[in-house]
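Trainee: I need the structure of the sequence given here:
(one chain, ligands or ions: 1)
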Amino acid sequence: MNKTPTILTGLRVNSEITLGNFLGALLPMVRLANAHSQTSHINIFVPDLHSIISEIDGELQQNLFTSLKYFLAAGLKVNNHVHFYRQSYVPAHSELNWILNCTATMGELNRMTQYKDKSEGKDGVNVGIFDYPVLMAADILLYDAEYIPVGEDQFQHLELTRRLATRFNYKYGEIFVLPKEPKDQAKFMNVENGIRIRDLQNPEKKMSKSTHAANSKIMISDDPAAARKKIMSATTDSVGKISFDTFNQPGISNLLQIESLVTDTPLQDVISTWSGETHYGDLKQKVGESVATLLTDFQRKLTAISDQEILDLLTEGEKYANQVANSKLLQVQKALHLR
Ligand code: TYM
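Mentor: Below you'll find the model as predicted:
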């Protein structure tokens, strides 16, 4: 059993990432890693097998290296507890995926919101899209990982992971460590609920890579001045007074949430500063400035990181990941009398 706790996250690399991915998962992971890497393992991996369920913009290998560079450019401090790896370089993920498939039910996978969204109205949906949360469960359970910094849209998958682990343990003995419940994950990430960055033009929806309207999303390579403009043109409401109310004022609430995450200020403090103010333009100005500063700093650091630096980290990380994952897999195989 891997006694040192593990914090783990993965980021698909089908295209460049949005500010939603950055603030929902990447930056929280970097902040947690820097705070806990003396006492916890920090597993940062590229779910490349998850990527092939759908189209890939650009070239997978290149996207993969770029996405790992993002973590360093966002301020991740590397030490020997920080492990970078590629999912497909650790075959135990696929093996456990199959084994867990024999625990999961069609009904529970059918209920996954992301599956519904991705398959709605489409013919010939591939089985990978359906089975994707089970592979995600394998990614987590192989490492006894308890804290998984992800955005709120992935919480349903964490709950499924807990359910599969519980069911497996009940039948075969205490083999898997359960990831913490979503509310405890949020607490650990120092946010009240899960993080959901909203579409700037249509704040009822989450900010997504696949949205076509350019003003709806901020990409991490956006020119900082252009990103500021997108914030200035974000949809708000006609209430006329700032308050954090995701139901009646989703656009304003989104700006407050972005400001809190970008400046690493507790949301409650940002809310106290702005509550009751009537000039939405002032808030947009401030958030636009904060986002532009973040992007300028991030993009400058990104250019200084070489592929070789990432390759060295992957070589070390994959050795570690294979050791931990194979040892857990063997426990599972023995429990099933496969060994
Ligand atoms: P993916 O690649 O779709 O998204 C990467 C991370 O970004 C978060 N995110 C958001 N957070 C807040 N607001 C948004 N608008 C927003 N959009 C995206 C996602 O929640 C995610 O944390 N299944 C995962 C990848 C994965 C994984 C894992 C993660 C595979 N195995 C094991 C953790 C542990 C996914 O597709 O995320």
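Trainee: And Ile197, how close does it get to Lys183?
Mentor: 19 Å (C-beta to C-beta, to the nearest Å). Yep, even glycine has a C-beta here, placed from its N, CA and C like the rest.
Trainee: Between these two, which is the more surrounded one?
Mentor: Comparing Ile197 with Lys183 by other C-beta atoms under 10 Å, the one with more neighbours is Ile197, at 24 against 12.
Trainee: who in the stretch 101-250 of the chain is up against the ligand?
Mentor: Counting by C-beta under 6 Å from any ligand atom, the residues of the stretch 101-250 of the chain close to the ligand are 136, 139-140, 148, 150-151, 153-154, 195-197, 206-207.
Trainee: Now for the residue lying closest to Val150 once chain neighbours are set aside: which residues touch it?
Mentor: Using C-beta to C-beta, 6 or more residues apart in numbering and skipping the chain neighbours, the partner closest in space to Val150 is Ala25 (5.3 Å). When contacts are counted by C-beta atoms under 8 Å, 6 or more residues apart in numbering, Ala25 is found next to Thr9, Leu11, Pro149, Val150, Gly151, Ile195.
Trainee: could those residues be laid out in a markdown table, adding neighbour count, secondary structure and pLDDT?
Mentor: Rendered in a markdown table, the data for the contacts of Ala25 read as follows (neighbours: other C-beta atoms under 10 Å; DSSP: H, G, I helix; E, B strand; the rest coil; pLDDT from 0 to 100):
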| residue | neighbour count | secondary structure | pLDDT |
| --- | --- | --- | --- |
| Thr9 | 25 | strand | 97 |
| Leu11 | 21 | coil | 95 |
| Pro149 | 24 | coil | 96 |
| Val150 | 24 | coil | 95 |
| Gly151 | 19 | coil | 94 |
| Ile195 | 24 | coil | 95 |
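Trainee: Among those, which pair sits farthest apart?
Mentor: Leu11 and Ile195 (14.0 Å; C-beta to C-beta).
Trainee: Am I right that the residue nearest to Val150 is in a strand?
Mentor: No. Using DSSP: H, G, I helix; E, B strand; the rest coil, the secondary structure at Ala25 is helix, not a strand.
Trainee: separation between it and the ligand?
Mentor: Per C-beta to the nearest ligand atom, to the nearest Å, Ala25 is found 3 Å from the ligand.
Trainee: got it, and His36?
Mentor: For His36 relative to the ligand (C-beta to the nearest ligand atom), the value is 16 Å.
Trainee: Find the nearest non-adjacent residue to that residue, please.
Mentor: Ile7 (6.3 Å).
Trainee: what's the answer for Ser15, then?
Mentor: Looking at Ser15 with C-beta to C-beta, 6+ apart, the closest residue is Asp57, at 3.9 Å.
Trainee: Next one: the one you found from Thr66, what distance?
Mentor: From Asp57 to Thr66 the distance is 12 Å (C-beta to C-beta).
Trainee: just Gln114 next, same as before
Mentor: 24 Å.
Trainee: who has more neighbours, the two?
Mentor: Thr66 (21 against 14).
Trainee: Secondary structure element holding the more buried one?
Mentor: Counting by DSSP states H and E, the element that carries Thr66 is helix 60-73.
Trainee: What helices and strands are in contact with that helix?
Mentor: The elements that helix 60-73 packs onto, with contact taken as 3 or more C-beta pairs under 8 Å, 6 or more residues apart in numbering; DSSP states H and E, are strand 41-46, helix 48-51, strand 82-86, helix 280-302, helix 307-335.
Trainee: Show me which of those has the highest average neighbour count.
Mentor: strand 41-46 (a mean of 24; mean count of other C-beta atoms under 10 Å).
Trainee: Just want the angle from that strand to helix 307-335.
Mentor: Angle of strand 41-46 versus helix 307-335, following axes from the mean of the first three to the mean of the last three C-alpha atoms, to 10 degrees, is 110 degrees.
Trainee: Can you tell me what sits against strand 41-46?
Mentor: 2, 4-13, 29, 32-33, 36, 64, 67-68, 71, 76, 81-87, 90, 139, 143, 145, 317, 321.
Trainee: Return the members of these classed as buried.
Mentor: The neighbour count (16 or more other C-beta atoms under 10 Å) marks 2, 6-13, 29, 32-33, 36, 64, 67-68, 71, 76, 81-87, 90, 139, 143, 145, 317, 321 as buried among these.
Trainee: roughly how far apart are the residue nearest to Val150 and Glu318?
Mentor: 21 Å.
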